[in-house]
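Asker: need coordinates for the below:
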Amino acid sequence: MKGRVLIIDDEAEIRRNLTVGLTQEDYSVTACPDGISAIHELRNAREKGQAYEYLVTDIFMPDIDGLKILKVIKVQHPDLPVLVITGFGDESLKTTALSEHNTGYLDKPFEIPDLVEALEKLAPGSTGKAPESGEEEPVSRIKESVSAYLTIRIDDISRSMEIYNALYQMEGVQSCEAVRGDFDIIILAQAGSQDEIQTVFDRIAAMDDVEVLSMSRVERPKLDRDIDEFIEIYAKTVKSGTTSTVTQKRPGTMSYIIVDIDSEAIQQIFTTVFFIDDVVFCDVIDEGTKLVGMVTGHGAVGRMPRIMEKLSEIEGVLRVREATIIKLVED
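Answerer: This next block holds a predicted model:
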């Protein structure tokens, strides 16, 4: 046998053709339809003492795109030969893929001999060696913040700026944003304990002309161990070490999104939303029935509606609401 190949491609016909073709070329093939199932497969294989000698991955997939998978795989298995395949590539994508060690690139459509030739050009490697993160002590999980989101309505509009400034400077308030939406202000409160968070809530609720509409503690998303580890590695290597509750700003229009979800689908939805490029961060609240996130539209006209549409199309997403941030103070 020439080696074990893991294929990731969301098109069933391509998975079938590649599996048959490579099997006839004396490879052993496992095919996965998306990134999440591939992450599970890599974990399962490792636990069985099995190794893959090649990874063949498409780029555009419904949950995690192939370039992001490539980034994490190369952290875990730097020498694994990876072949990126796509039908929508360009020079930029090709350059990005080839910048990774021991990685090839192949435009679709191609014939099986082309695929075999591309695989054979890569240096030998495998997933046999344990990931750098170590199995005995998994990568530190997404830390459960003692933090909560508060949404607020201001009853006397004439006092809006005065109230905003008081909230902005209040101890325990990590971020304070005026928004256009179902509420006037969204606050992220952070403290050392739940009691301290409640103290912040009580202080805000006692303010004149302020109505606290909701307070939702940020929860740790309930993810399988391997998905949790994958996200943590990606956050550390690509998103600068942050996985949740980030308040960093980016150029362009910024909006909060509040996504009502089926809590049974939290892993699929959270993972998919986390890997959308325009989502700066997302947090889980209300016992896994909602996500709160920040999205940047980079100032592009019509970009935000497309992001909202993309979120709405994720299976298990029930409703998506937007609250556009109104910039009141300079950063």
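
Asker: give the rounded mean pLDDT of stretch 166-176.
Answerer: For stretch 166-176, mean pLDDT rounds to 93.

Asker: what residues sit buried inside that stretch?
Answerer: Using 16 or more other Cβ atoms under 10 Å as the test for burial, stretch 166-176 gives A166, L167, Y168, G172, V173, S175, C176. Where you see a C-beta, it was placed from the backbone N, CA and C, and this is true even at glycine.

Asker: for the chain, name the helix or strand with the lowest mean pLDDT.
Answerer: Within the chain, no helix or strand scores below helix 303-312, which has a mean of 80 by mean pLDDT, DSSP states H and E.

Asker: put the alpha carbons of that helix into PDB.
Answerer: C-alpha atoms of helix 303-312 as PDB (Å, rounded to 0.1, in the frame of the first residue of the first chain):
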ATOM      1  CA  ARG A 303     -21.400  42.900   2.800                       C
ATOM      2  CA  MET A 304     -23.400  42.800   6.100                       C
ATOM      3  CA  PRO A 305     -26.600  41.400   4.500                       C
ATOM      4  CA  ARG A 306     -24.500  38.600   2.900                       C
ATOM      5  CA  ILE A 307     -23.000  37.700   6.300                       C
ATOM      6  CA  MET A 308     -26.500  37.700   7.900                       C
ATOM      7  CA  GLU A 309     -27.800  35.500   5.000                       C
ATOM      8  CA  LYS A 310     -24.800  33.100   5.500                       C
ATOM      9  CA  LEU A 311     -25.500  32.900   9.200                       C
ATOM     10  CA  SER A 312     -29.200  32.300   8.600                       C
END
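
Asker: pull the CA atoms of whatever helix or strand comes next after it into PDB?
Answerer: Once the chain leaves helix 303-312, the next helix or strand it forms, by DSSP states H and E, is strand 317-326. Extracted in PDB, the C-alpha atoms of strand 317-326 (Å, rounded to 0.1, in the frame of the first residue of the first chain):
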ATOM      1  CA  VAL A 317     -29.900  28.700  13.300                       C
ATOM      2  CA  LEU A 318     -33.400  30.000  14.200                       C
ATOM      3  CA  ARG A 319     -33.000  33.800  13.900                       C
ATOM      4  CA  VAL A 320     -30.300  36.300  13.400                       C
ATOM      5  CA  ARG A 321     -30.600  39.900  14.600                       C
ATOM      6  CA  GLU A 322     -28.100  42.800  14.000                       C
ATOM      7  CA  ALA A 323     -27.300  45.700  16.200                       C
ATOM      8  CA  THR A 324     -25.100  48.200  14.400                       C
ATOM      9  CA  ILE A 325     -22.600  50.000  16.600                       C
ATOM     10  CA  ILE A 326     -22.900  53.800  16.800                       C
END
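
Asker: just checking: what are the partner strands of strand 317-326?
Answerer: Its sheet considered, strand 317-326 pairs with strand 173-180 (antiparallel), strand 254-261 (antiparallel) by DSSP bridges.

Asker: so which of these is the most packed in?
Answerer: Each of the strands paired with strand 317-326 was scored by mean neighbour count; the highest is strand 254-261, a mean of 21, by mean count of other Cβ atoms under 10 Å.

Asker: how about it as PDB, C-alpha atoms only?
Answerer: C-alpha atoms of strand 254-261 as PDB (Å, rounded to 0.1, in the frame of the first residue of the first chain):
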ATOM      1  CA  MET A 254     -19.000  46.900  13.200                       C
ATOM      2  CA  SER A 255     -22.200  45.200  14.400                       C
ATOM      3  CA  TYR A 256     -23.200  42.900  17.100                       C
ATOM      4  CA  ILE A 257     -25.100  39.800  16.000                       C
ATOM      5  CA  ILE A 258     -27.500  37.900  18.300                       C
ATOM      6  CA  VAL A 259     -28.200  34.500  16.900                       C
ATOM      7  CA  ASP A 260     -31.000  32.300  18.300                       C
ATOM      8  CA  ILE A 261     -30.000  28.600  17.800                       C
END
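
Asker: give me the low-pLDDT residue ranges for this structure?
Answerer: 129-145, 239-253, 297-303, 329-331 (pLDDT under 70).

Asker: in it, which spans are helices?
Answerer: 12-24, 35-47, 66-76, 91-98, 112-120, 160-168, 194-205, 225-237, 266-274, 303-312 (DSSP state H).

Asker: and these as JSON lines, adding distance to M294?
Answerer: Converted to JSON lines, the helices of the chain look like this (distance: least, Cβ to Cβ, whole Å):
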{"stretch": "helix 12-24", "distance to M294": "35"}
{"stretch": "helix 35-47", "distance to M294": "23"}
{"stretch": "helix 66-76", "distance to M294": "19"}
{"stretch": "helix 91-98", "distance to M294": "25"}
{"stretch": "helix 112-120", "distance to M294": "39"}
{"stretch": "helix 160-168", "distance to M294": "17"}
{"stretch": "helix 194-205", "distance to M294": "20"}
{"stretch": "helix 225-237", "distance to M294": "15"}
{"stretch": "helix 266-274", "distance to M294": "11"}
{"stretch": "helix 303-312", "distance to M294": "11"}
